[in-house]
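J.: Predicted model, plus sequence, below.
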Amino acid sequence: MDSRDALLQAAAEEFARSGLKGTRVREIVERAGVNERMIYHHFGSKEGLFRAVVEREFGGMGRAWHQVMAEAAELEPYEGVRLAFCTLFDLVHSRPLLVPLAMQEGLGGWGVRPPLPAGALPAELRDLHERGVEAGTFRADVAFEVLYATAVMTLMGTPALAGRFPAVLAERDMTQLRDQMVALLLDGLTGGRR
């Protein structure tokens, strides 16, 4: 592993735990086993390293999710949205540092990544929603932006916070929890009809 990758990996763990302000450069370089100068060589600053960590974590997840969107777009609206939501949950669950990094970014004022304008939301998912509304499968009074924000906040938060509620995982595994969460989201979108 080269020094850049070692720094990204070590910094992701430190930043997820302590945030940008709470993480010390010394902790990162000790964990990475590299010289402190390498942070400045590769990233310019500790802030630049934080930005690179967040972009790497979210970029990797985004690319994987968008690959599934092409498949979801070919399905009927309900099944396509279900596939998109299940995949998002699975991707977040497989990346345990993602939510802590997002929370740290939020605590810092969301300055790493720009806000998502409506036009930047997944077009395939928007199209599935619009087709579902036109077909009468989905409620017309739920705006796509509200659906998207609700789904992202719910599906990203659930894997990270499920352990806080032991009863949630006492009788189900993460796949069963995912399926129940997605069903709740879709029932709200369909108004209980399908």
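T.: Everything's here; your move. Numbering: from 1, shown residues only.
J.: low-confidence ranges in this protein?
T.: For the chain, the stretches with pLDDT under 70 are 110, 192-194.
J.: Helices of that one, residue ranges please.
T.: 3-22, 25-32, 37-43, 46-73, 77-93, 98-107, 123-134, 144-161, 166-170, 174-190 (DSSP state H).
J.: Quick check: which of these has the most neighbours on average?
T.: Ranked by mean neighbour count, the helices of the chain are led by helix 77-93 with a mean of 21 (mean count of other CB atoms under 10 Å). All C-beta spots, glycine's among them, are computed from the backbone N, C-alpha and C.
J.: Indicate which one of the helices of the chain is closest to Pro117.
T.: helix 144-161 (10.0 Å; CB to CB).
J.: Could you list every helix and strand that that closest one packs against?
T.: helix 77-93, helix 98-107, helix 123-134, helix 174-190 (3 or more CB pairs under 8 Å, 6 or more residues apart in numbering; DSSP states H and E).
J.: Pull it out as PDB, backbone CA atoms only.
T.: Listed next in PDB are the C-alpha coordinates belonging to helix 144-161 (Å, rounded to 0.1, in the frame of the first residue of the first chain):
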ATOM      1  CA  PHE A 144     -39.600  13.300  -5.300                       C
ATOM      2  CA  GLU A 145     -37.200  15.500  -3.300                       C
ATOM      3  CA  VAL A 146     -39.100  14.600   0.000                       C
ATOM      4  CA  LEU A 147     -39.100  10.900  -0.900                       C
ATOM      5  CA  TYR A 148     -35.400  11.000  -1.700                       C
ATOM      6  CA  ALA A 149     -34.400  12.900   1.500                       C
ATOM      7  CA  THR A 150     -36.500  10.600   3.600                       C
ATOM      8  CA  ALA A 151     -35.100   7.400   2.000                       C
ATOM      9  CA  VAL A 152     -31.500   8.600   2.300                       C
ATOM     10  CA  MET A 153     -31.800   9.700   5.900                       C
ATOM     11  CA  THR A 154     -33.700   6.500   6.900                       C
ATOM     12  CA  LEU A 155     -31.600   4.000   5.000                       C
ATOM     13  CA  MET A 156     -28.300   5.600   5.900                       C
ATOM     14  CA  GLY A 157     -29.200   6.000   9.600                       C
ATOM     15  CA  THR A 158     -30.700   2.600  10.200                       C
ATOM     16  CA  PRO A 159     -27.500   0.500   9.800                       C
ATOM     17  CA  ALA A 160     -25.600   2.800  12.000                       C
ATOM     18  CA  LEU A 161     -28.200   3.300  14.700                       C
END
